[in-house]
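# I'll drop the sequence and a predicted model, then ask my questions.
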There are 2 protein chains.
Amino acid sequence: MEHEDPRTRILDAAEELFYGQGIQAVGMDAVRAASGMTMRRLYQHFPSKNDLVEAYLLRRDGRWRASLAVHVSRSGGSPRDQLLAVFDWLGLWFAEPGFRGCAFVNSFGELGATTPVVAAAARHHKEEFGGYVAGLAEAAGAPPATAVHLTLLAEGAITTAAVHGDPTSAADAKEAARLLLDAARVR
Amino acid sequence: MEHEDPRTRILDAAEELFYGQGIQAVGMDAVRAASGMTMRRLYQHFPSKNDLVEAYLLRRDGRWRASLAVHVSRSGGSPRDQLLAVFDWLGLWFAEPGFRGCAFVNSFGELGATTPVVAAAARHHKEEFGGYVAGLAEAAGAPPATAVHLTLLAEGAITTAAVHGDPTSAADAKEAARLLLDAARVR
DNA sequence: CGCCGGCGAGAACGATCGTTCTCACTCTGG
DNA sequence: CCAGAGTGAGAACGATCGTTCTCGCCGGCG
């Protein structure tokens, strides 16, 4: 575990701290301590906190979307079922210990106005997610508007689960998605 | 304008700065300068930054929900139309200059993990909004589940509009809401 | 062996923040 | 007229942050 390459150890520590407490609330010294690094080695890999934040968001985006895609493709149902499996995956995510909403929305609210790279990362993440849902919807024969509707439901479920600290919004969103797919005659 | 009572002037300045740039990104000296106060008078009215943040969130919650309720009740249509008018109001809000998403979601992501009063304010705000939509839904004869679905759509529209900087998600959410109301046979 | 480049550990630096204090000045009441 | 309470303006204070520097040490190569 502690023999992993330094970059990974740093990013693991940074992700847990940044996501769990907010970016500004976590100092570089806390990242150093949690990753078992020395200051010099930390700045050797990430020359500034901004670089670390950017790498954190980039890696999290990739992992998050990959985990979703794996769950959905392994769910192995019809295209319609795959679309609904997105909400099952959200429910699993919400129930994870330490869940605190969307890292990109959180960092956007905190730094989006002052740090362009954070705003861009959030926009990119949401665009990719929307595009992914749109792809599933197209495979299911649903109109593009339905994909947008399901994306809005997922987005709402995420922030609702975060603020209320309660994962039931995933099931609520799934039920609404089912109704919208019925209305669009997707089966 | 500058003869308003000091509390209001301070809160006006704090709201614009906190909402526009994030809470941690704004120092007390910036609030002092923007409100035309002296340090002593600022701390006289709000003994700590935490107190100011709490007052900011409290006032914004009341104003936000009052503005929504006024728009909806003045829209003067059927209960179903009132439910849909919520999304029209969201569209107006999204198009306001300086719109940057939900102040409560933003502050929750920034400080929710470390400042309990911020987390409580966000939870309260969302609960009140959900309760308001539930009341409209009940008046329209829609089942409670439908109210939850519309709330999720509204929530999703807010963060989507914020991250994309584009108010069209309000219309998208309204269309989805219409479909869900149709599915629930609310007319 | 002797030198030199790189390392760990942590102190140091400069900036910024929240908060409080100083100080000269101005009212007010007796 | 004068003591004293309160004010504006801003400096000061102590903490914290991001970042860099110091210093003692070690290992490899000529």
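Perfect, thanks for sending it.

# Report the buried residues of whichever helix or strand residue A:65 is part of.
Secondary-structure element containing residue A:65, defined by DSSP states H and E: helix A:49-75. In terms of neighbour count (16 or more other CB atoms under 10 Å in any protein chain shown), helix A:49-75 has its buried residues at A:49, A:52-57, A:59-61, A:64, A:68, A:71-72. C-betas here are computed from N, CA, C, even on glycine.

# what about that helix and DNA strand D, touching?
Yes. With CB under 7 Å from any atom of the strand as the measure, helix A:49-75 is seen reaching DNA strand D through A:49-50.

# other SSEs contacting that helix?
Secondary-structure packing of helix A:49-75 (3 or more CB pairs under 8 Å, 6 or more residues apart in numbering or on different chains; DSSP states H and E): helix A:6-21, helix A:28-35, helix A:79-95, helix A:103-111, helix A:116-139.

# try it again with 6 Å
Contacts defined by 3 or more CB pairs under 6 Å, 6 or more residues apart in numbering or on different chains; DSSP states H and E place helix A:49-75 against helix A:6-21, helix A:79-95, helix A:116-139.

# Taking helix A:116-139 as reference, get the angle to it.
An angle of 10 degrees separates the directions of helix A:49-75 and helix A:116-139 when computed by axes from the mean of the first three to the mean of the last three CA atoms, to 10 degrees.

# Just give me the neighbour total for the nearest residue to residue A:130 once chain neighbours are set aside.
Closest residue to residue A:130 apart from its sequence neighbours, by CB to CB, 6 or more residues apart in numbering or on different chains: residue A:151 at 4.9 Å. When neighbours are defined as other CB atoms under 10 Å in any protein chain shown, residue A:151 has 23 of them.

# what's the answer for the one 3 residues further on, then?
For residue A:154, the tally of surrounding residues (other CB under 10 Å) stands at 24.

# got it, and residue A:176?
Applying the criterion other CB under 10 Å, we find 29 residues in the vicinity of residue A:176.

# thought it was touching residue A:152?
No. Counting by CB atoms under 6 Å, residue A:176 stays clear of residue A:152, with 9.7 Å between them.

# Most remote residue from the middle of chain A, which is it?
Distance to the chain centre peaks in chain A at residue A:40, reaching 30.6 Å (criterion: CA atoms, centre = their mean).

# Which elements pack onto the helix or strand where that one lies?
According to DSSP H and E, residue A:40 maps onto helix A:39-45. Taking 3+ CB pairs under 6 Å, 6+ apart as the contact definition, the neighbouring helices and strands of helix A:39-45 are helix A:6-21.

# And the helix it packs on, what's buried?
Neighbour counts using 16+ other CB under 10 Å place A:9-15, A:17-19, A:21 of helix A:6-21 among the buried residues.

# between those, which is nearest DNA strand C?
residue A:9 (11.8 Å; CB to the nearest atom of the strand).

# who are the neighbours in contact with the closest one?
Residue A:9 makes contacts with residue A:35, as judged by CB atoms under 6 Å, 6 or more residues apart in numbering or on different chains.
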